[in-house]
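Visitor: below: sequence and its predicted model.
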Amino acid sequence: MKFDMLSFFGVIIAFAALLGGNFLEGGAWQQLLNGPAALIVFGGTLGAAILQTPIISLKRALQLFVWIINPPNIDHKKYIKKMSNWAKITRQKGLLGLEGEMNREKDPYLKKALQLLIDEGSPQTLRKVLETDLLLAEQRDQDVVKFYSSMGGYAPTIGIIGAVMGLIYVMRNLAEPAELGAGIAIAFIATIYGVAVANLLLIPIANKLTLYIHQQSHLKELVIEGVIMWPMVKTLVLSN
């Protein structure tokens, strides 16, 4: 497991800056803790995002969340080395010599590319099938990322709802000064929770996942260009 320390330090720095600023203003971290405000913002944000997300996309969203701490392996050199080895095997044993490599391959996309290559599909067919798979996978994951980006949009708004609820509580207790503090705390802290969780966590998570999805797509494009060259080269050799 490759732990992404950069993401970990990013979260630490972001929230340390928030708490440090509060401390420099003379506040204590305990003043930022408020159960009702947290329930309104976090519960409301999560509920709204779940409401708009199909169950299949929700499951995939939880799978992609792991990428924040354990990013996918995007190793272009490794893939180039693999394809160079396949080309060498093809020259020595022909396309059927790749069956052993296909059976050992763990990457589903590479496995499918090898299967198509062994079946001796035309370069046009190989490109069409592999590019279709690439686009479908990219679109599926981009739709999943909307789960996090939408929460980043909902959180500040729900924070405002929490603030309004706190102000309503204040207005109902104007005659009782001792009760005003709880309402004011909900009003301001709910807004802080909504804006902070959106801009320090949810939107950065969505952006980082989008970056990984693009990197995976670029890697698959590399595979496509490498794989379709072999039938083309074979055709040229036979034609000469």
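Guide: The structure has been received and is ready for your questions. Numbering: from 1, shown residues only.

Visitor: how about the helices in this structure?
Guide: 5-24, 35-38, 44-52, 55-65, 76-93, 99-104, 108-118, 123-172, 180-197, 203-239 (DSSP state H).

Visitor: return the set of buried residues in the lowest-mean-pLDDT helix or strand in the chain.
Guide: The least trusted helix or strand in the chain, going by mean pLDDT, DSSP states H and E, turns out to be helix 203-239, with a mean of 76. The neighbour-count check on helix 203-239 (16 or more other Cβ atoms under 10 Å) flags 203-206, 208-209, 212-213, 216-217, 219-220, 223-224, 226-228, 230-231 as buried. For every residue, glycine as well, the C-beta is placed using N, CA and C.

Visitor: likewise for stretch 58-74?
Guide: For stretch 58-74, burial by neighbour count (16+ other Cβ under 10 Å) applies to 60, 61, 64, 67, 68, 71.

Visitor: what pLDDT is listed against the fourth one?
Guide: Spelled out, that is residue 67. If you check residue 67, the pLDDT there is 88.

Visitor: sketch out the low-pLDDT regions of this structure for me.
Guide: The chain contains residues with pLDDT under 70 at 1-3, 120-121, 173, 177-183, 230-240.

Visitor: isn't residue 213 up against residue 139?
Guide: No - judged on Cβ atoms under 8 Å, residue 213 makes no contact with residue 139 at a distance of 9.7 Å.

Visitor: any idea which residue sits dead centre in this structure?
Guide: The C-alpha lying nearest the average C-alpha coordinate of the chain belongs to residue 209 (Cα atoms, centre = their mean; 2.7 Å).

Visitor: tell me how far it lies from residue 75.
Guide: 19 Å (Cβ to Cβ, to the nearest Å).

Visitor: over to residue 110?
Guide: Distance from residue 110 to residue 75, by Cβ to Cβ: 12 Å.

Visitor: between these two, which one's more packed in?
Guide: A count of neighbours by other Cβ atoms under 10 Å puts residue 110 above the other of residue 110 and residue 75, at 20 against 11.

Visitor: is it true that that one touches residue 82?
Guide: Yes - the criterion here is Cβ under 8 Å, and residue 110 meets it with residue 82 at 7.2 Å.

Visitor: need phi/psi at residue 175.
Guide: In terms of degrees, to the nearest 10, the main-chain angles of residue 175 are phi -80, psi -10.

Visitor: with residue 107 instead?
Guide: Dihedral angles (degrees, to the nearest 10) for residue 107: phi -70, psi 120.

Visitor: what's the local residue count around it?
Guide: Applying other Cβ under 10 Å, we find 15 other residues in the vicinity of residue 107.

Visitor: so how far is residue 222 from it?
Guide: Relative to residue 222, and taking Cβ to Cβ, residue 107 is found at 13 Å.

Visitor: grab the nearest non-local neighbour of residue 74.
Guide: Once flanking residues are discounted, residue 74 sits nearest to residue 215: 4.6 Å by Cβ to Cβ, 6 or more residues apart in numbering.

Visitor: go through the helices of the chain and pick out the most buried.
Guide: Most buried of the helices of the chain, by mean neighbour count (mean count of other Cβ atoms under 10 Å): helix 180-197, with a mean of 20.

Visitor: what's the least confident helix or strand of the chain packed up against?
Guide: Of the remaining helices and strands, those touching helix 203-239 by 3 or more Cβ pairs under 8 Å, 6 or more residues apart in numbering; DSSP states H and E are helix 76-93, helix 108-118, helix 123-172.

Visitor: can you put these in TSV and add distance to residue 30?
Guide: Converted to TSV, these look like this (distance: least, Cβ to Cβ, whole Å):
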stretch	distance to residue 30
helix 76-93	49
helix 108-118	49
helix 123-172	18
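
Visitor: tell me which of those lies nearest to residue 7.
Guide: helix 123-172 (13.5 Å; Cβ to Cβ).
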